[in-house]
Every structure is written in structure tokens, then in C-alpha cells.
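# Make a model of this:
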Amino acid sequence: MVVLRISASLLWLLVIVIIVLLAIFVFVKINKAQPTVNVNLIPSSIQYALEYFNAAYSNATILVPSQYYSAAKALSINGNRAVENNTLYNSILFGSAKLPAGYDILIDMENASSLPSLTFFPYNFTTETLSNSFRDCEVAKNKTEAFAVCSIYSNVTIPIANSTTITKSVRIGFGTFIAFPNSTYLYEINGTLSYNGQNTTYIPSIRINNTRFYNGLMFLYQNTTAFFLSKADLNTFYGREMFLPNSTLKNVVANFFSARIVS
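Numbering: from 1, shown residues only. Now for the predicted structure:
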């Protein structure tokens, strides 16, 4: 049998080499370049909202959907952190879950497709008078759906001199009327909310006694799109926080075009 003898000096040399190699491995592991996230690949509104959030706040936590998690993490500064949990995220937006204490949440227009009653309408307007009561209507329609915002007129009796009266047609308000796809009925809804890119205008409807009524709002984004949201849609966290006028919301952290961060 052959016996190998290793001197103490050689043994120590091998130990030193192993230690050096381990140190190099750890150094490379720690300092390995992380993959670069191109934040320009996300919508600019999302990027601006995240950048504002991170500049304005510190040590905060924001809940984001998975498609924006990498960008949100890359943009995080000031001790802020992004959290990804799609189950919780969707349950907050459209279910009964509550936003955890101390959390903010990123929401955007892309989520609108998850609203059950979302109905898109045409956006080619003409001005028409539909009847003696419904005048100066802005009407958009095609073969399957239509909506109109009309001035509502009513005959009123006005007293004049010598105990005589006259009957005059006066405008008493506005009404928004909708014909849903595959429906033969015309409904009046609560009103119209119009956004021109800078300001939001709400036009409430006067409820007409002889019309069918359906709770909900029409949303007009100038020269872009028109859609209807039911009362149930607007009662969700997403519908309430994303579409109701900014002036009614006290918890908006950042708001850029189609993106919003709320707490």
C-alpha cells in the first residue's frame, strides 16, 4: 500500500487557496450586475405616477399588479418597496378585500375590462331634436346601441298682467338616455361625466317620470371613447377610486392620465 504524505506547508497552502476562491465567489455573487429593467416599456402614465410616489414618499409600501412589479421595484427609492400579490390586488379592486393598513395601491385604466357591466358606446356625435321635450340632443349611435345628452324642456304657466297667463316652454335641466346593445328599451341614467383632458364636468339627469330609469353614469373622454358604468361597477373600489371626480377623493396620492395611486 502506498502512503501519500502531505507536508504541513502544502496543506496550509491548499486551505489558503480554497479560502481565496470562496472569497472571490462571494464577491462576484454580491456584486453581480442585476438585469436592467427598461421602465420605458410600461405606459408613461404608470411610470410618472410611480416616480411621483417615490419622490414624494419614503418608507412606504405600494401594491402593484404583476405586469408592473419589475418596473415598480426598479423605480423604488427613499426606502419605498413594491409588493406583488395578484390575488389580493384583484380582490381589493373588485371584491370585498380591504387595502392593508399602511399600503398604497396602483390602479390604471387597463383594469376597466374587468368591470362586469362596462359597455362601450359610439363616439360620433350629431345634434338632433328628438321631440318637443328633448331638444338640442348630442346623439351618438350605431345599429346596436345609442346614447344622447338632451336639454329637457317643459311647458310652464307664467302669470302676466291683468290676471292672465301664458304657457311657455322652458328648459328645466338635462337628461342622458341610453339604448343598450340588444335591447329595445330606452333608459335614462343618472348623468354624464365628461373629461376633456384637463377638467371634469358632471351633467346630472333630471329623472323623467315616463321613462325607464337605470342607475349608472356615462363617461365621455373627449374625442376618444364613451362608456357606461352601472351603479354596481361604481361601488367597487376600482370604479369608485378610478372614475369618480378627483374633487371627491381625499386619498389620491398620484394621478397621471390613465393611472392613479391611492392610499
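
# The stretch 101-250 of the chain: helices as residue ranges?
231-234, 237-243 (DSSP state H, counting those that start in this stretch).

# By mean pLDDT, show me the worst of the ones you listed.
Looking at these, the lowest mean pLDDT belongs to helix 237-243 (a mean of 90).

# Distance from that helix to the middle of the chain?
In terms of CA atoms, centre = their mean, to the nearest Å, the centre of helix 237-243 is found 7 Å from the chain centre.

# Which SSE is immediately downstream of it?
Note on helix 237-243: by DSSP states H and E, the next helix or strand toward the C-terminus is strand 252-256.

# and that following strand, what does it pack onto?
helix 44-56, strand 259-262 (3 or more CB pairs under 8 Å, 6 or more residues apart in numbering; DSSP states H and E). The C-beta positions use only the backbone N, C-alpha and C, and glycine is treated the same way.

# got these as a markdown table, with mean neighbour count columns?
What follows is those, written out as a markdown table (neighbours: other CB atoms under 10 Å):
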| stretch | mean neighbour count |
| --- | --- |
| helix 44-56 | 19 |
| strand 259-262 | 23 |
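
# Could you work out which of these reaches nearest to S91?
strand 259-262 (15.9 Å; CB to CB).

# Now do F174, the pLDDT please.
96.

# ok, now which ones touch it?
By CB atoms under 8 Å, 6 or more residues apart in numbering, the residues touching F174 are 149-152, 191-192, 203-206.

# Quick check: bridge partners of it?
As for beta bridges, F174 partners with S151 under DSSP bridges.

# JSON lines for the helices and strands packed on strand 252-256, including distance to V170 and mean pLDDT?
Listed next are those as JSON lines, based on distance: least, CB to CB, whole Å; pLDDT from 0 to 100:
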{"stretch": "helix 44-56", "distance to V170": "43", "mean pLDDT": "94"}
{"stretch": "strand 259-262", "distance to V170": "40", "mean pLDDT": "92"}
